[in-house]
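*Asks:* have a look; sequence and predicted model below, questions after that.
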Amino acid sequence: MTNGKSTACLNIQGASVTIFNRYGQLLFFSTDHVLAWDGNHQGKPLPAGTYYYLVRPGNGLSEIKGFITLLR
């Protein structure tokens, strides 16, 4: 969820961000409100493709979910 230059993902304290591949495998999870997903998993670049994200704001707001396309 970065543009390749930004390191900020979401500035909501208490929020969690989860990224899954098309098979439902967990690739990224963070509750750090300034940590961004860089398109890597376990230090290795993931292939270009479509990934599913889930954001839980943690402040009573509804979950935000959708798809993100990773370009290489």
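*Replies:* The structure has been received and is ready for your questions.
*Asks:* please count neighbours and contacts with C-alpha atoms only from this point.
*Replies:* Will do.
*Asks:* the most centrally placed residue in the chain sits in which helix or strand?
*Replies:* The centre of the chain sits closest to residue 19, judged by Cα atoms, centre = their mean, with a distance of 4.6 Å. Assigned by DSSP states H and E, residue 19 belongs to strand 16-20.
*Asks:* which SSE is immediately downstream of that strand?
*Replies:* Later in the chain than strand 16-20, the nearest helix or strand by DSSP H and E is strand 26-30.
*Asks:* which residues touch that following strand?
*Replies:* For strand 26-30, the external contacting residues (Cα atoms under 8 Å, 6 or more residues apart in numbering) are 16, 17, 18, 19, 20, 21, 37, 41.
*Asks:* could you check the angle it makes with strand 16-20?
*Replies:* 170 degrees (axes from the mean of the first three to the mean of the last three Cα atoms, to 10 degrees).
*Asks:* next, the buried residues of strand 26-30.
*Replies:* The neighbour-count check on strand 26-30 (16 or more other Cα atoms under 10 Å) flags 27, 28, 29 as buried.
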